[in-house]
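**Q** predicted model follows, preceded by the sequence.
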Amino acid sequence: MTDQTITSVSRESRVFKPSAEFKAQANLGSEATYKRLYAESVNSPAKFWGRQATELLTWRKPFSKVLDWKAPHAKWFTGGTLNVAENCLDRHLGTARENKAAIIFEGEPGDITTLTYKQLHREVCKFANVLDSLDVGKGDRVAIYMPMVPEAAIAMLACARVGAIHTVIFGGFSSEAIKDRVNDCQAKLVITADGSWRRGKVVELKASVDRALEGTPSVQHVIVLKRTATEVSMTAPRDRWWHDVMTGAKAEHKAKAFGSEHPLFILYTSGSTGKPKGVLHTSGGYLLGTTITTKYIFDLKENDIYWCTADVGWITGHSYVVYGPLSCGATVMMYEGAPNHPAPDRFWDIIDRHGVTIFYTAPTAIRAFMRWGDDYVKKYSLKSLRLLGSVGEPINPEAWMWYHTLIGKKRCPIVDTWWQTETGAIMVSPLPGVTPTKPGSCTRPFFGVVPKILDDNGKEVPKGSGGRLFLMQPWPSMLRTLWGDDSRYKKQYWSEIKGVYFAGDGARFDKDGYLWVVGRIDDVLNVSGHRIGTAEVESALVSHPAVAEAAVVGRPDEIKGQGLVCFVTLKSDQKPTEELKQALRGHVAKEIGAIARPDEVRFAAGLPKTRSGKIMRRILKEIAAGGAIKGDTTTLEDFNVVASLQSEG
Ligand code: PRX
């Protein structure tokens, strides 16, 4: 750990027991079963996971070995072959699910489309034929930069069907971010749309792709979905309309089987350097992890209408909008736009109109709803809901209680799920119907997960003390490497303690063995549930001609969890004006995307540094939060710098 100690201030003591009613119908409804299966999963992982993989997935060829673990590299279900798209679609055909809704889509303007499993299968087969015709196949990389529309899922599943590796880029990222990601993985094809709807306005996706593609020599084709009917420029023969390529595409597609370890997707996420990490997930293990967690943690039933509000551009959208629920044969609700358009009751309106039963969202959204006011909620009955979930950041007990009371009407269990892009699937969460919950705690590990809190020397800390969170055993949905950078993979996750996974989070266990995750302890911020590396924002800032040096820190933010504060020193010929502050905020948004737009830019004559030249972020954090400077400042080179920074604020 760097220059901070992990203290957990939460002293929440309320406990909520599962209701007898929920317990009686739960997919896994007894503490004894949880204990027995958990013990088996960690003591005999090969036996446990081998059985689950056989029962929950459809293999073309059975696997011969459950786990081949040469730390830090894991191979799961070797010898086995499968097709992930077949598991999400084909295996439901010819069953009662065939004509069940797979996706119920609502666009922001109010348009509604429902695709049954049969119809979704048809669209995916057609698009897989399109990919075949463009010579996009096994191992090729495909970038997807799309709105939250069914075609995003169709594109992902078609890639999986032909063995291409997709990398979904969140629609809020800038052209610079697209360019970096496309170049890093050398994508051959980009799938995008003319635009997407957001708060009644069009976000011009194709225009961003066009700017990115000025510097991406690997891209041969671009497929463009017409969503907003925005005018776009189409460069022939590179760019093709989705509706044109789909016209005449055959609705039958014979899927090939791929090895269990065949790469399924790369998802870029922020780390502690300026370059995003391409987290690589593979097929069998990832699909098993997402399938089993969907079944037990969301207690999925045949007649549920399941809504995870995450965008497919994030891991939550991959695992719990597309792969997990479709593999389980669920009906997935999908919504394109903003939660407050046309009014802050949009989500509640969707829940009542569509009869949503399971609702999974982020604390930052919950806090925004709290601020918008209870009246927007009280207009709706929300009586269809039976389970609530939370993900992305620690949920503060106040938001938990609001969610429990106003949305769940004290009737719905809340699953606070801790996991990461790297873990692929939920790692720590209550099991609804089994685990008593405490507001703000993600409670206990899921099957196969062995979390430990260790100190700087790798020693387990006593219960109640804070430390760093590690996972002691490999799990099926774990990341396999970082795309093109295995040494960073080893260093980042497996070198703190050799052979053990370092999550980058600070946490503690309470006296009941419940896990409380405090937040990131590396230089990664969690802004509205999204990971943003301070180094990425810093490198965006110093790419502006006026900036000499920059340091970025987080400060507590009531809605977003953390806000971004940038300390900037200017080149000597520059004047510290208000216009320049705004220009720098805009510059970061342009370089990375609107989600990284700084909340505040502060000009400084110098930055607080140690004698060896390292920026002392702890001090900047304290200044950003408006507090007094606590702790050791003896390594500080020049205290005058701090004094002047404080007086500026
Ligand atoms: O700090 C933890 C926080 O989000 C980080 C992972 O971010 P990302 O890879 O973007 O994935 C987010 C969605 C899975 C973690 O290292 N985090 C996520 N869920 C929780 C959480 N912190 C506390 N409680 C959670 N339930």
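**A** Alright, I've got the coordinates.

**Q** what pLDDT does residue 6 get?
**A** Note on residue 6: pLDDT of 54.

**Q** before we move on, what about residue 387?
**A** At residue 387, the model reports a pLDDT of 98.

**Q** and residue 368, by the same measure?
**A** 93.

**Q** now it. Nearest residue, chain neighbours left out?
**A** Nearest non-adjacent residue to residue 368, counting by CB to CB, 6 or more residues apart in numbering: residue 559, 5.5 Å away. For the C-beta atoms, the positions are set from N, CA and C on the backbone; glycine is no exception.

**Q** number of nearby residues for the one you found?
**A** Neighbour count of residue 559, defined by other CB atoms under 10 Å: 14.

**Q** for residue 615, list each beta-bridge partner.
**A** Residue 615 has these beta-bridge partners by DSSP bridges: residue 609.

**Q** related to what we said a few turns ago, check contacts around the residue nearest to residue 368.
**A** Neighbour list for residue 559: 364, 367, 368, 371, 528 [criterion: CB atoms under 8 Å, 6 or more residues apart in numbering].

**Q** how does it look with 7 Å?
**A** 364, 367, 368, 371 (CB atoms under 7 Å, 6 or more residues apart in numbering).

**Q** run the chain-centre distance for the strand or helix carrying residue 641.
**A** Using DSSP states H and E, residue 641 sits within helix 639-648. Between the centre of helix 639-648 and the centre of its host chain there is 38 Å, according to CA atoms, centre = their mean, to the nearest Å.

**Q** mean confidence for that helix?
**A** 76.

**Q** can you check stretch 30-41 too?
**A** Rounded mean pLDDT across stretch 30-41 is 98.

**Q** low-confidence ranges, the stretch 1-150 of the chain, go.
**A** Applying pLDDT under 70 to the stretch 1-150 of the chain flags residues 1-11.

**Q** the strands in it, which residues?
**A** Assignment of strands within the stretch 1-150 of the chain using DSSP state E, counting those that start in this stretch yields the ranges 65-70, 73-78, 81-82, 101-106, 112-116, 141-145.

**Q** and residue 417, that's in a helix?
**A** No: secondary structure of residue 417 (DSSP: H, G, I helix; E, B strand; the rest coil): strand, not part of a helix.

**Q** Three-state assignment for residue 440, please.
**A** Classified using three-state DSSP, residue 440 is coil.

**Q** backbone phi and psi for the closest residue to the ligand within the stretch 101-250 of the chain, please?
**A** For the stretch 101-250 of the chain and the ligand, the shortest gap (CB to the nearest ligand atom) falls at residue 170, measuring 10.6 Å. Dihedral pair for residue 170: phi -50, psi 130, per degrees, to the nearest 10.

**Q** I'd assumed residue 312 was in contact with it.
**A** No: using CB atoms under 7 Å, residue 170 is not in contact with residue 312; the gap is 8.4 Å.

**Q** between these two, which one's more packed in?
**A** Neighbours per residue (other CB under 10 Å) separate residue 170 from residue 312, with residue 312 holding more: 24 against 18.

**Q** redo the strands of the stretch 1-150 of the chain as CSV? Include mean neighbour count.
**A** Below are those laid out as CSV (neighbours: other CB atoms under 10 Å):
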stretch, mean neighbour count
strand 65-70, 15
strand 73-78, 21
strand 81-82, 22
strand 101-106, 22
strand 112-116, 15
strand 141-145, 26
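
**Q** got CSV for those, with distance to the ligand too?
**A** Formatted as CSV, the strands of the stretch 1-150 of the chain follow (distance: least, CB to the nearest ligand atom, whole Å):
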stretch, distance to the ligand
strand 65-70, 23
strand 73-78, 19
strand 81-82, 24
strand 101-106, 21
strand 112-116, 26
strand 141-145, 18
